[in-house]
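Asks: below are the sequence and a predicted model; questions follow.
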Amino acid sequence: MIGRKSAVSALAGIVIGGAAVALATGQLGGGSNEPGRQRIEKIVHDYVLANPEIIPQAMQRLQSREMAKAVDLNRAAFETPFASAWAGAEKGDVVLVEFFDYACGFCRKSNPDIDRLLAEDKNLKVVWRELPVLGPDSVAAAQASLAAARQGKFRQFYDSMFEAGRPTPGAVAQTRQAVGIAAAPVSPDMQAEIEKNYRLAQSINATGTPTFVVGDQVLQGAVGYEALKDAIGAARART
């Protein structure tokens, strides 16, 4: 949670980013004995009081910056798939990461958008990360999904599982049988993968699924094809 004090600090760069330069070049009035930091803080303080509607914008900007830093610090962990839980170009110039839950209707709604992006963009790599947050059935489905990934059949399981509807024990068992996934106990590395995904999601303040990471951007919810395509374009422009 970003507080008002942090938002006001962010406004120093967002609202009056040129204040420090103006101060250094003598464009701001006043005696030179007053510390520059205090003068800038007063300008920000007065501006916020006169324009309180900019606080939400500043908070959103600050949050985006903090998320971008978290992604950069853990980029390899975000973008390295678990076994076969990926699609598209193996060495794609842009990686789209999706945190998902098989019980999430918004994840199901987003699947056609991902399929369209993969069909249109041959330099895109998509990595799926299990984030079972909607109950025990989600956890069981995620464990079966990781087993499928280890056996090279993630995408078949993924598509069939969403076609089956809710990830009930019966639906998971039926999907596993239809795809040809051998039953296997939950291995330590599978459990570690789920725990790692929880930590990664927490690092970017992900509040649910789907959550997408593209370049330095974090998009939460079923944001749609256009928003994802724009994020991919922005990430590609920075490479």
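Replies: Structure received.
Asks: mind checking pLDDT for Gly30?
Replies: pLDDT recorded at Gly30 is 47.
Asks: and Lys109, by the same measure?
Replies: Looking at Lys109, its pLDDT is 97.
Asks: what count of nearby residues applies to it?
Replies: 13 (other C-beta atoms under 10 Å). Backbone N, C-alpha and C define where each C-beta goes, glycine included.
Asks: how far away is it from Ala183?
Replies: For Lys109, the distance to Ala183 (C-beta to C-beta, to the nearest Å) stands at 30 Å.
Asks: repeat that for Ala50.
Replies: Relative to Ala183, and taking C-beta to C-beta, Ala50 is found at 66 Å.
Asks: now Ala171
Replies: Look at Ala171 and Ala183: by C-beta to C-beta, they are 15 Å apart.
Asks: between the two, tell me which one has more neighbours.
Replies: In this view Ala171 and Ala183 are compared by other C-beta under 10 Å, and Ala171 has more residues nearby, 18 against 9.
Asks: was I right about the more buried one contacting Ala164?
Replies: Yes. Applying C-beta atoms under 8 Å, one finds Ala171 in contact with Ala164, separated by 4.3 Å.
Asks: what touches both of those two?
Replies: Listed contacts common to Ala171 and Ala164 are nil; contacts here mean C-beta atoms under 8 Å, 6 or more residues apart in numbering.
Asks: contact partners for Val126?
Replies: Remark: with contacts taken as C-beta under 8 Å, 6+ apart, Val126 is in contact with Trp86, Ala87, Gly88, Val95, Leu96, Val97, Glu98, Ile114, Leu117, Leu118.
Asks: among those, who's most crowded?
Replies: Neighbour-wise, those (other C-beta under 10 Å) top out at Leu96, 27 neighbours.
Asks: quick one: contacts for that one?
Replies: Contacts of Leu96 by C-beta under 8 Å, 6+ apart are Ile114, Leu117, Leu124, Lys125, Val126, Val127, Phe212, Val213, Val214, Leu228, Ala231, Ile232.
Asks: report pLDDT for Ala24.
Replies: If you check Ala24, the pLDDT there is 45.
Asks: meant to ask about Met67
Replies: Looking at Met67, its pLDDT is 71.
Asks: could you pull out the strands for the chain?
Replies: 86-88, 94-100, 124-130, 211-214, 217-220 (DSSP state E).
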